[in-house]
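> Give me the fold of what follows.
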Amino acid sequence: MAGMMQEIMVSVIMPVYKVEAYVGRAIESIQKQTLAEWEFIIVDDGSPDESGAICDAYAKTDSRIQVFHKENGGAPSARNLAMDHARGKYLYFLDADDWAEPTMLADMVSLAERDQAELVVAGFYIDTYYKPGKYRTDDFFVRDAVFSNAQEFHENAYWMFDKNQLYSPWNKLWQRKYIEAGHFRFPPTFWDDFPFILAVIRDIERVTVTSRQYYHFIRERAESETAAYREGMYEKREEEHAWMKELYRHWGVNDAPSREMVARRYIERFIGCLENLTNPNCQMSWREKREKVRCWIHSKNVRHSLKLAVPRSRMMRLMLLPIRLRSVTLTLLEAKAITLVKMKYVKIFATLKAKR
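From the prediction side, this is the model:
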C-alpha cells in the first residue's frame, strides 16, 4: 500500500451534479494528461440526471478513477468527502463542466517539486458561449513568480487578487501535506471557494506562480452559479469584504496598492449586487429594491471604497457615477441596463466585463 501511495502524485477531485452534457469532457481532459500518476476521485452529489452513471462508465475502463455516490449536500461536502479519501502528494480540484489542457498536471507538479511549493497558481481561460459552438475567450494570468517566504507573498498578493488568481480552487495545485496539517476543508456555504482559499493562504509560506494557462472555465449553462439570482448576495459580499480586511490586518500589510485593490474589489462586486436586484428572478417589488439601494449606497463600506478605488477603465468610472451621486433612481436604471445586456447580449457583456 505504501508503494502505491508514493506512485500517486496528484489526487484530482471533482464534485458532480446535473452536468451530464459536460462531465465526459472533464473526465477525458484528465485522462489525456501527460502526467499519468494521478487518481481521480469523483463524487456524485445526488445528481438526478445521468451524470453519476456516466462517471461510473469511465471508472469501469480506468482503474485510476473512483466514483462515490452520496445524497445531495452541495459541492463543499462532495469535495470534503473526496479529500478524506485522497492519497496523492498534491491535490487538484476540477469542476465537472470545465476542462484542462493536457500538460497542466505535469507542469504544475514540476514547479511544485522544483520549489517545494505548498501552492502553485497558474493562469486560466474563461470561455463564454454566446451561441451554440460560438464563444469568446478571455485570458487571465500574471507574471511568473516564486515566493519562498510568507512576507514576500503577502506583499505581492494584491496583484494576484487583481487578476483573479486567488479566488478559485481550479487554477491551483495544493500540497496535500500542508492542507492536512492545517485541517483545511470547504465550509458548508454557497461560494465556498473563497473562504477555503483565504484560510489556506493565511499563513502559507512557499507559493509559486506561473503565467502559463491551462484551465478552461466555461460560462454556458443558464442554471450555473454565475448566471443565477442569488438571495443574500449583498450580505455575502459584505462578509467577504470583512474577510479581506481581516486577512490584510493579519498579514500586517497596509500599503497603498493593497488598500486600493481591496477597495476596488469591493466596489466592483457591489455593482454585481445591484444587478442581482434587477435579475428577472428577483421577486422584490420596485419599492423594496429602491429601499435596498438607498441603504446600500449610503453605507460606510461603499463610501470608503469609492474614495480609495481607482477604476481601471472609463466604463467603470461611468458605472460608479450614479453611486457617487447617491442617486437611487439612476443606480437602479443602470442595474437594469446591465441585466438587459447580461441576459440578451452575452458576448457584449463578457467583453465589457473583461475590460472593466
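
> Poorly predicted segments of the protein, please.
1-6, 221-227, 355 (pLDDT under 70).

> try it again with 80
Scanning the chain for pLDDT under 80 picks out 1-6, 220-228, 345-356.

> Now residue 336: closest residue in space, sequence neighbours ignored.
residue 278 (4.7 Å; C-beta to C-beta, 6 or more residues apart in numbering). (Glycine included, C-beta is placed from N, CA and C.)

> If you could redo that for residue 347, that was the one I meant.
residue 130 (3.9 Å).

> So the one you found lies in a helix, does it not?
No. Judged by DSSP: H, G, I helix; E, B strand; the rest coil, residue 130 forms no part of a helix; its state is strand.

> Render the CA-only coordinates of the strand or helix carrying residue 271 in CSV, please.
Element membership for residue 271, per DSSP states H and E: helix 256-277. Only the C-alpha atoms of helix 256-277 are listed here, as CSV (Å, rounded to 0.1, in the frame of the first residue of the first chain):
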residue,chain,number,x,y,z
ALA,A,256,-1.4,51.9,-0.8
PRO,A,257,-1.6,49.3,-3.7
SER,A,258,-3.1,46.7,-1.4
ARG,A,259,-5.6,49.1,0.1
GLU,A,260,-6.7,50.3,-3.3
MET,A,261,-7.1,46.7,-4.6
VAL,A,262,-9.3,45.7,-1.6
ALA,A,263,-11.5,48.8,-2.1
ARG,A,264,-11.8,48.3,-5.9
ARG,A,265,-12.6,44.7,-5.4
TYR,A,266,-15.4,45.6,-3.1
ILE,A,267,-16.9,48.3,-5.2
GLU,A,268,-16.8,46.2,-8.4
ARG,A,269,-18.6,43.4,-6.7
PHE,A,270,-21.1,45.9,-5.2
ILE,A,271,-22.2,46.6,-8.8
GLY,A,272,-22.9,42.9,-9.1
CYS,A,273,-25.1,43.1,-6.0
LEU,A,274,-27.1,46.0,-7.6
GLU,A,275,-27.5,44.0,-10.9
ASN,A,276,-28.7,41.0,-8.8
LEU,A,277,-31.6,43.1,-7.7
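
> tell me which residues of that helix are tucked away?
Within helix 256-277, the residues scored as buried using 16 or more other C-beta atoms under 10 Å are 258-277.

> again with stretch 166-177
So stretch 166-177, judged by 16+ other C-beta under 10 Å, has buried residues 166, 167, 168, 169, 170, 171, 172, 173, 174, 175, 176.

> Tabulate the residues you listed (CSV), appending secondary structure.
Listed next are those as CSV, based on three-state DSSP:
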residue, secondary structure
166, coil
167, coil
168, coil
169, helix
170, helix
171, helix
172, strand
173, strand
174, strand
175, strand
176, helix
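
> Need the max-distance pair from the residues you listed.
167 and 176 (21.1 Å; C-beta to C-beta).

> ok so, going back, ok, so of the buried residues of stretch 166-177, who is nearest residue 192?
So of the buried residues of stretch 166-177, ranked by how close each gets to residue 192 (C-beta to C-beta), first place is residue 169, at 9.2 Å.

> any idea how far the closest one is from residue 259?
Distance, residue 169 to residue 259, by C-beta to C-beta, to the nearest Å: 26 Å.

> Repeat that for residue 306.
Residue 306 is 13 Å from residue 259, by C-beta to C-beta.

> The residue nearest to residue 336 contacts residue 335, doesn't it?
Yes. With contacts counted by C-beta atoms under 8 Å, residue 278 reaches residue 335, the gap being 4.5 Å.

> show me where this protein has strands.
10-16, 38-45, 65-70, 90-93, 99-100, 119-131, 134-140, 145-147, 172-175, 207-219 (DSSP state E).

> how about those strands in CSV, adding distance to residue 252?
Shown next, in CSV, are the strands of the chain (distance: least, C-beta to C-beta, whole Å):
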stretch, distance to residue 252
strand 10-16, 33
strand 38-45, 38
strand 65-70, 42
strand 90-93, 29
strand 99-100, 36
strand 119-131, 20
strand 134-140, 28
strand 145-147, 16
strand 172-175, 24
strand 207-219, 17
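
> wait, which of those is closest to residue 341?
That would be strand 119-131 among those, by C-beta to C-beta, at 11.7 Å.

> Give the buried residues for that closest one.
Across strand 119-131, burial judged by 16+ other C-beta under 10 Å covers 119, 120, 121, 122, 123, 124, 125, 126, 127, 128, 129, 130.

> and the angle for it with strand 207-219?
Interaxial angle, strand 119-131 versus strand 207-219 (axes from the mean of the first three to the mean of the last three C-alpha atoms, to 10 degrees): 20 degrees.
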